[in-house]
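1. My questions are about this predicted structure, shown below with the sequence.
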Amino acid sequence: MPLNFVSNANARAISLIPEFRDLTHDRLPDTFDAIFYKYRFENPYFGYVEVKNDACAPFYMFSNNDDLVASHYFWYGKNGYEVASVREWIMRAKKANIVFDIGAHTGLFSLLACRSNQQIQQVVAFEPTARASSRILENLIVNSLVGRVKVETQAVSNAAGEVEFMIYVDEYQIGTGSSFVGTGKNYEVRRRERASTIRIDDYIKSSGLVPDLLKIDVEGAEEMALEGAQDLIALKRATFLIEVLPETVDGVLKHLGGYKILLIDDHNNATVPFDRQAVTQYVNILAVPN
């Protein structure tokens, strides 16, 4: 019975992909799109999803209908997630040597870096929550990338210690918005999970790995992450892709003097000069050394 359920569910979901893409052909991928939400949860898919993006070799991500990112690529297809941000990341990963993926979730940006540039020396994926970090390992195994990506089950902050993560989804999902600060969150906390913290500068000193490309997606703790990276920031050699909130953007910018700041508009598939007034919700910015 379980095998029949999985095969039948997958066959139904796959059969509905053309219908879904016809309904959404005139819009960019969007986590909060009502059609995406409906199709994703009413028509579950269990198994490996092929992830395709422009200028990057394809790879696979596993989902028990529990990974938002894999679901994006299953339903939307090629370039199925944060189109502009992924494009900017791939462009810079092609020239990178050491990459830090901070708040890696299930590893998309780590996988993108590896598949964009075979010469990358090392990718480090920092993901403190248990289910997400274990899923990164599953995704690395199926893509034969275990040696190229080191998974650190730690949170990045401004001090070494321990924090408690608030997780806003139940056990059926690997949440993308888990936070230990709660900034901008008005959701019910469904469960909690403790994790150790580390400073970026301390990790660099202990590992000898100095990144030239970093993604920071830490759900409101981005300024704390930068406070722990002052030595790296002062080198003016690394490019940062950072998700910011209206409440955190000013604090983030004060740490990035001497960097060119760009706004990545995933809703319009564009990268534009930074405009503080445009930060009305969570958004990604690029900080590039001048």
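-> Thanks, I have it.
2. which residues of this protein fall in helices?
-> In the chain, the segments counted as helices under DSSP state H are 2-23, 34-42, 68-76, 83-93, 108-116, 130-142, 200-207, 222-227, 230-235, 249-253.
3. If you count contacts, what does the shortest one end up packed against?
-> Using 3 or more CB pairs under 8 Å, 6 or more residues apart in numbering; DSSP states H and E as the contact test, the elements touching helix 249-253 are helix 222-227. To be clear about C-beta, it is placed using only N, CA and C from the backbone, and glycine gets the same treatment.
4. Summarise which helices and strands the helix it packs on is packed against.
-> Applying 3+ CB pairs under 8 Å, 6+ apart, one finds that helix 222-227 makes contact with strand 213-216, strand 239-244, helix 249-253.
5. quick one: low-confidence parts of this protein?
-> Regions of the chain meeting the criterion pLDDT under 70 cover residues 1-3, 183-185.
6. let's see 50
-> By pLDDT under 50, the chain contains no weakly predicted segment.
7. Just give me the residue right at the centre of it.
-> Nearest to the geometric centre of the chain sits A104, at 5.1 Å (CA atoms, centre = their mean).
8. Apart from its neighbours in sequence, what residue is nearest L241?
-> Spatial nearest neighbour of L241, chain neighbours left out: K215 (4.6 Å); criterion: CB to CB, 6 or more residues apart in numbering.
9. List the residues that contact the one you found.
-> With contact taken as CB atoms under 8 Å, 6 or more residues apart in numbering, K215 is in contact with 89, 99-104, 109, 240-242.
10. for those residues, which one is nearest F36?
-> Nearest to F36, judged by CB to CB, of the contacts of K215 is F109 at 20.5 Å.
11. How many neighbouring residues does the closest one have?
-> 28 (other CB atoms under 10 Å).
12. Was I right to think it contacts I102?
-> No - contact between F109 and I102 fails when scored by CB atoms under 8 Å: they sit 9.5 Å apart.
13. still on that earlier bit, could you check how far the residue nearest to the centre of the chain is from S133?
-> Relative to S133, A104 is positioned 8 Å away (CB to CB, to the nearest Å).
14. So for those two, which residues contact both of them?
-> Shared contacts of A104 and S133, defined by CB under 8 Å, 6+ apart, comprise 125, 127, 151.
15. between the contacts of K215, which is nearest D265?
-> Nearest to D265, judged by CB to CB, of the contacts of K215 is L241 at 13.7 Å.
16. Quick check, that closest one in contact with L286.
-> Yes - the pair L241 / L286 is scored as a contact, 5.8 Å apart, by CB under 8 Å.
17. Comparing these two, which residue is more hemmed in?
-> For L241 versus L286, the count of surrounding residues by other CB under 10 Å is larger for L241: 24 against 20.
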